[in-house]
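>>> Next input, structure requested:
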Amino acid sequence: MSLFWRIFLLNATVMVLATGLLLLGPVTVSTPVLLTEALIMAVGLVAMLTANAALLRVGLAPLQRLTKAMTTTDLLRPGRRAEVAGHSEIADLITTYNTMLDRLEAERAASSALALSAQEDERRRIARELHDEVGQTLTAVLLELKHVADQAPGPLRSDLLHVQETTRESLDEIRRIARRLRPGVLEELGLTSALRDLTREITAHAGLTVRPHFDSPVPKLGQAAELVLYRVAQESLTNVVRHSGARHVDLTLRTTPAGVDLRIRDDGHGIGRAAEGAGIRGMRERALLIGAGLDLTPLPAGGTEVHLHVPAPQGSK
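Predicted structure coming up:
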């Protein structure tokens, strides 16, 4: 039955009942209208409106639930669907909405995968150019400075040595940036070694104590999953350094029967009610690519915990 006929029949039922009461009941209306008659008519009108409103609320309740679901839908938190309820057109509408969500989530996942793949390719290209071109150029400059400094008189030699040291520091910074853009340790030595290298780098350059806790050995998760774990840890530590004011961070990698859990806990002031920025949304998009779950939880004593759960690969024991 269509929505039109359902609403029409609801109203018609109320009207028929009211007419029957007027025809069969002892109530009469005189001219002029008496106060008691006016009161009886007013009570009857209120009863009709109340019954009509109650019936309409019951009939349109599935649409209200659908509206709430539509306003709270977030494609970065997939899997939530509106409950299919009601009859005919309403149930078809909810089913169509759920089907549309399935298609949107699939299309977003595909487009995000392409965008992140292109981003990683660009990171590798920039890292390679920094390492091979800029790095080699600065290395040649260092050698030339050393050659000139060895032949220069005392006062000038001191200045040249200072310039040489500044150039060496710039070369080290470029190499560090290249490693952050393209984690070669991840490809060569694996996830645990890459995370240890990341914690040492953050501790050395950010004035922040990062304490690693790793299970050994960590099962093979595949290149895509390990890259997601590394990037989430990297982005989380970067956020802690920039925004949290924390002094200590615990980075934990644990193996569970269901997969691998990555947790980053800091003792900063937490995220509060601040809206999620591009960094956090980027982490959520990465997690979706491998079917992982990402949660950000405020800690009772202050600070934030980032929890990434990567399910175990199919077929693993």
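>>> what's the average pLDDT for the helix or strand residue 194 falls within?
Secondary-structure element containing residue 194, defined by DSSP states H and E: helix 191-206. Regarding helix 191-206, the rounded mean pLDDT is 86.
>>> Going forward, the N-terminal residue is numbered 33.
All set: I'll call the first residue 33, so the last point we hit is now helix 223-238.
>>> how far is it from where the chain is centred?
24 Å (Cα atoms, centre = their mean, to the nearest Å).
>>> same thing with stretch 231-240?
Relative to the centre of its chain, stretch 231-240 is centred 26 Å away, using Cα atoms, centre = their mean.
>>> before we move on, what SS does residue 130 have?
Put simply, residue 130 is helix when judged by DSSP: H, G, I helix; E, B strand; the rest coil.
>>> cool, and residue 345?
Put simply, residue 345 is coil when judged by three-state DSSP.
>>> go on, residue 171?
Here residue 171 is recorded as helix under three-state DSSP.
>>> roughly how far apart are it and residue 243?
According to Cβ to Cβ, to the nearest Å, residue 171 and residue 243 sit 35 Å apart. Placement of C-beta: from N, CA and C, glycine included.
>>> And residue 279, its phi and psi?
phi -110, psi -30 (degrees, to the nearest 10).
>>> Which residues are in contact with it?
240, 241, 299 (Cβ atoms under 8 Å, 6 or more residues apart in numbering).
>>> Would you mind giving me the confidence score for the residue lying closest to the second one once chain neighbours are set aside?
Spelled out, it's residue 241. Take residue 241 and drop its neighbours on the chain: the residue closest to it by Cβ to Cβ, 6 or more residues apart in numbering is residue 280, 4.9 Å away. We have a pLDDT of 89 for residue 280.
>>> Can you report how many residues neighbour the closest residue to residue 252 other than its chain neighbours?
Using Cβ to Cβ, 6+ apart and skipping residues adjacent in sequence, the residue nearest residue 252 is residue 345, 7.6 Å away. Counted by other Cβ atoms under 10 Å, the residues lying close to residue 345 total 13.
>>> Next: residue 143.
If you count neighbours by other Cβ under 10 Å, residue 143 ends up with 11.
>>> which element is it on?
Assigned by DSSP H and E, residue 143 belongs to helix 120-161.
>>> where in the stretch 233-349 of the chain is pLDDT low?
Counting by pLDDT under 70, the stretch 233-349 of the chain contains low-confidence ranges at 306, 346-349.
>>> repeat that with 50
349 (pLDDT under 50).
>>> now the strands for it?
In the stretch 233-349 of the chain, the strands defined using DSSP state E, counting those that start in this stretch lie at 241-246, 280-288, 291-298, 325-330, 336-343.
>>> how about the longest one: buried residues?
Just to be clear, that refers to strand 280-288. Within strand 280-288, the residues that qualify as buried are 281, 282, 283, 284, 285, counting by 16 or more other Cβ atoms under 10 Å.
>>> which residues sit against stretch 155-164?
Contacts for stretch 155-164 (Cβ under 8 Å, 6+ apart): 206, 207, 209, 210, 211, 213, 214.
>>> run the last query once more with 6 Å
206, 210, 213, 214 (Cβ atoms under 6 Å, 6 or more residues apart in numbering).
>>> Farthest pair within these?
206 and 214 (12.7 Å; Cβ to Cβ).
>>> pretty sure residue 264 is touching residue 342, no?
No - applying Cβ atoms under 6 Å, one finds residue 264 not in contact with residue 342, separated by 9.5 Å.
>>> chain center to stretch 278-291, what's the gap?
Worked out by Cα atoms, centre = their mean, stretch 278-291 lies 19 Å from the chain centre.
>>> dump the residue contacts of residue 294.
By Cβ under 6 Å, 6+ apart, the residues touching residue 294 are 261, 285, 340.
>>> The nearest residue to the second one once chain neighbours are set aside and residue 261: what is the separation?
When you say that, I think you mean residue 285. Excluding the flanking residues, the one nearest residue 285 by Cβ to Cβ, 6+ apart is residue 246, at 4.7 Å. Distance of residue 246 to residue 261, given as Cβ to Cβ: 11 Å.
>>> if you count what's nearby, which of those two comes out ahead?
Higher neighbour count among residue 246 and residue 261: residue 261, with 25 against 17, using other Cβ under 10 Å.
>>> related to what we said a few turns ago, buried subset of the contacts of residue 279?
With neighbours counted by 16+ other Cβ under 10 Å, the contacts of residue 279 contain buried members at 240, 299.
>>> buried ones in stretch 216-234?
For stretch 216-234, a neighbour-count test (16+ other Cβ under 10 Å) marks 217, 218, 223, 224, 226, 227, 228, 229, 230, 231, 233, 234 as buried.
>>> Excluding covalently adjacent residues, which one is nearest to the fourth one?
The shortest distance from residue 224 to any residue that is not its chain neighbour, by Cβ to Cβ, 6+ apart, is 5.3 Å, and that residue is residue 246.
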